[in-house]
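K.L.:
Build me a model from this:
(4 chains, ligands or ions: 2)
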2 protein chains.
Amino acid sequence: MKQITKYIIKNSLKRIFLYRACLSRLRMMGVEKVFSYTLAHETGVTSEQVRKDFSEFGIKGNKRGGYNTNELLEVMENIFHRNKEQNIVLIGMGNLGIALSKHGQFFQRNMNIVATFDIDPFKQKVRSNIPVYSLSRLKEIIDRFKVKVVILAVPEISAQEVADELIRLGIKGIVNFAPVLLKVPNDVIINNVNLCNELESVIYYVHKQIKADGSKNLEILYTGMKY
Amino acid sequence: MKQITKYIIKNSLKRIFLYRACLSRLRMMGVEKVFSYTLAHETGVTSEQVRKDFSEFGIKGNKRGGYNTNELLEVMENIFHRNKEQNIVLIGMGNLGIALSKHGQFFQRNMNIVATFDIDPFKQKVRSNIPVYSLSRLKEIIDRFKVKVVILAVPEISAQEVADELIRLGIKGIVNFAPVLLKVPNDVIINNVNLCNELESVIYYVHKQIKADGSKNLEILYTGMKY
DNA sequence: GAATTGATGTGAAACAAATCACAAAATATA
DNA sequence: TATATTTTGTGATTTGTTTCACATCAATTC
Ligand SMILES: NC(=O)c1ccc[n+]([C@@H]2O[C@H](COP(=O)([O-])OP(=O)(O)OC[C@H]3O[C@@H](n4cnc5c(N)ncnc54)[C@H](O)[C@@H]3O)[C@@H](O)[C@H]2O)c1
Ligand SMILES: NC(=O)c1ccc[n+]([C@@H]2O[C@H](COP(=O)([O-])OP(=O)(O)OC[C@H]3O[C@@H](n4cnc5c(N)ncnc54)[C@H](O)[C@@H]3O)[C@@H](O)[C@H]2O)c1
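P.N.:
Ligands and ions are numbered 1, 2, ... in the order given. I've put the predicted structure just below:
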């Protein structure tokens, strides 16, 4: 059994997210030009790493002149398809689903939750400004809004069957909050987010008394990676 | 600037979570003995990887006999300090905080949210069965319950100041949901969970049309890692 | 306009992680 | 009891990622 090998490696993708967040902040502060070491310092990586990551995504700067903040952000928005809006659907309007549906940052980042779905008729009323539908309208909405990616926030027990149906309807990517390993075809991307594990990791490392060995600005360590 | 190097590597830790979830399921089904290839098959990694991971955590099996399900789970519970209850505090009872506070799995996994805090007096009433306090009682609760780890679900703008205060009060680990890189001392573990990024990663990979190249059972790929 | 400075960009080297290959051990079989 | 079988455990190898080192170029200074 072989694992996926060649794609833009996950670590550098994660770091690109960091750089972008940092750049947005710098732009707001009116900074027009950044250097690899600026980003490096702000994000706790090395400047070579920043440049290597950029080179992986084909991002070029100006010798001696660093990078233009606006241009750099624009390139990144293209990488992430932020130029055109992404229509997303959310399944499961329980505790977590409601919180996610109210989260404004998805929309700010051009990811538009066009509709949510729940099996429970009691949940099928409008909360905030996103409609809650019965699953019977899933196909209609997915087709109408050309939805390719969903957020799955249903109980563990239902996750697989809902995923099967979603894939049947043409969904190609799932952010899955249920603590199960979904069985899906090879061309479907699954991103499992397991918040219990995230908390438990922290407890583990706190108990282990892990120390940052003399590094001076190591702000973040462990979401998924030590990025 | 040097990155952290030697600790139980994150990838194997993540996989250990997978193995454990799988083992729990197998135990419920009455399976008493497992082999590395059983776990491997269920979790989509190789059997050598399973054994290498086990060896990293000092887990031993029986030559030819595989591993005893119960013993293995017990060893893992020790690794994760599941034998004794972990007291956790949650800061920020907004949309996300409420959802998390209602999430039963933390408690099932021995992570007990003993109290939640919010700056807004309106939020300071009991929801579900976890009390919501004013921040003035933070020290009292942290001391009383010997809390070392918190979940931080406050707005981006407040995250740093709240984190500073928490660390002053002796907190050593933070699961941070705000999209900021917290500046913290080296001995504090931060786990940044950025749900926008998780969604955006999926969109990125779906657009890239990443294919699993012929691997037959590649269920999960990308939470943080390709684990 | 030549020399200097300060950045990028990238092969080479070092390091880290995953896979391979097989010895060792435990059990089953004859 | 000897032999075959099955599975673990781990060095050796391969593959992947980060860091190093420096050529290259653009701007600045003399
Ligand atoms: N609440 C949290 O903070 C949290 C944290 C981590 C993980 N999770 C996970 O996220 C998932 C949702 O958690 P929750 O707390 O919101 O649970 P919940 O029970 O509050 O909500 C689940 C919702 O899904 C709906 N549902 C059930 N079956 C469905 C189906 N077949 N199709 C569509 N909708 C269906 C239910 O009606 C309900 O509204 C669970 O798998 C849980 O383990 C939740
Ligand atoms: N809602 C989501 O699904 C979601 C998803 C991803 C990330 N996040 C992030 O999680 C955080 C919380 O999100 P939310 O949607 O729950 O926001 P929210 O505004 O609904 O809740 C924030 C809560 O924090 C409280 N608060 C503010 N300042 C505080 C302080 N100094 N001390 C204590 N409490 C304070 C507020 O009173 C409020 O109740 C934000 O940083 C957000 O970006 C939320």
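K.L.:
Name the residue of chain A that lies nearest to ligand 1.
P.N.:
Ligand 1 sits closest to A:Gly94 of chain A, with a gap of 1.5 Å, by C-beta to the nearest ligand atom. Yep, even glycine has a C-beta here, placed from its N, CA and C like the rest.
K.L.:
what's the residue nearest to that residue when sequence neighbours are not counted in contact with, if anything?
P.N.:
Leaving aside its chain neighbours, A:Gly94 sits nearest to A:Ala153 (6.5 Å; criterion: C-beta to C-beta, 6 or more residues apart in numbering or on different chains). The neighbours of A:Ala153, taking C-beta atoms under 8 Å, 6 or more residues apart in numbering or on different chains as the test, are A:90-94, A:96-97, A:100, A:177-178.
K.L.:
and if you look at A:Ser128?
P.N.:
A:101-102.
K.L.:
Any residue of the helix or strand hosting A:Ser158 touching ligand 1?
P.N.:
Element membership of A:Ser158 [criterion: DSSP states H and E] is helix A:156-168. Yes. Part of helix A:156-168 sits close enough to ligand 1 to count as contact by C-beta under 6 Å from any ligand atom, namely A:156, A:158, A:162.
K.L.:
surely the last one meets A:Ile91?
P.N.:
Translated: A:Val162. Yes. Contact criterion C-beta atoms under 8 Å: A:Val162 and A:Ile91 qualify, at 5.8 Å.
K.L.:
Give me the helices and strands touching the lengthiest helix in chain A, please.
P.N.:
Ranked by number of residues, the top helix in chain A under DSSP state H is helix A:10-28. Judged by 3 or more C-beta pairs under 8 Å, 6 or more residues apart in numbering or on different chains; DSSP states H and E, helix A:10-28 is in contact with helix A:36-43, helix A:47-56, helix A:69-79, helix B:195-208.
K.L.:
Could you single out the most deeply buried of those?
P.N.:
Ranked by mean neighbour count, these are led by helix B:195-208 with a mean of 22 (mean count of other C-beta atoms under 10 Å in any protein chain shown).
K.L.:
outside of that one, which residues touch it?
P.N.:
Contacts to helix B:195-208, defined as C-beta under 8 Å, 6+ apart, come from residues A:7-8, A:10, A:13-14, A:17, A:79-81, A:86, A:88, A:100, A:103, A:105-106, A:109, A:111, A:148-149, A:151, A:172-175, A:189, A:191, A:193, B:177, B:179, B:222-223.
K.L.:
which one in chain A is furthest away from the centre?
P.N.:
A:Arg64 (32.9 Å; C-alpha atoms, centre = their mean).
K.L.:
does that residue count as helix, strand or coil?
P.N.:
Of the three states, A:Arg64 takes coil according to DSSP: H, G, I helix; E, B strand; the rest coil.
K.L.:
What distance do you get for it to chain B?
P.N.:
Between A:Arg64 and chain B the computed distance is 23 Å (C-beta to the nearest C-beta, to the nearest Å).
K.L.:
And the contacts of A:Ala153, which is closest to A:Pro121?
P.N.:
Nearest to A:Pro121 out of those is A:Met93 (C-beta to C-beta; 11.5 Å).
K.L.:
still on that earlier bit, now mean pLDDT and distance to DNA strand D too, for the helices and strands packed on helix A:10-28, in a markdown table please.
P.N.:
Formatted as a markdown table, the helices and strands packed on helix A:10-28 follow (pLDDT from 0 to 100; distance: least, C-beta to the nearest atom of the strand, whole Å):
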| stretch | mean pLDDT | distance to DNA strand D |
| --- | --- | --- |
| helix A:36-43 | 94 | 9 |
| helix A:47-56 | 96 | 4 |
| helix A:69-79 | 92 | 14 |
| helix B:195-208 | 90 | 14 |
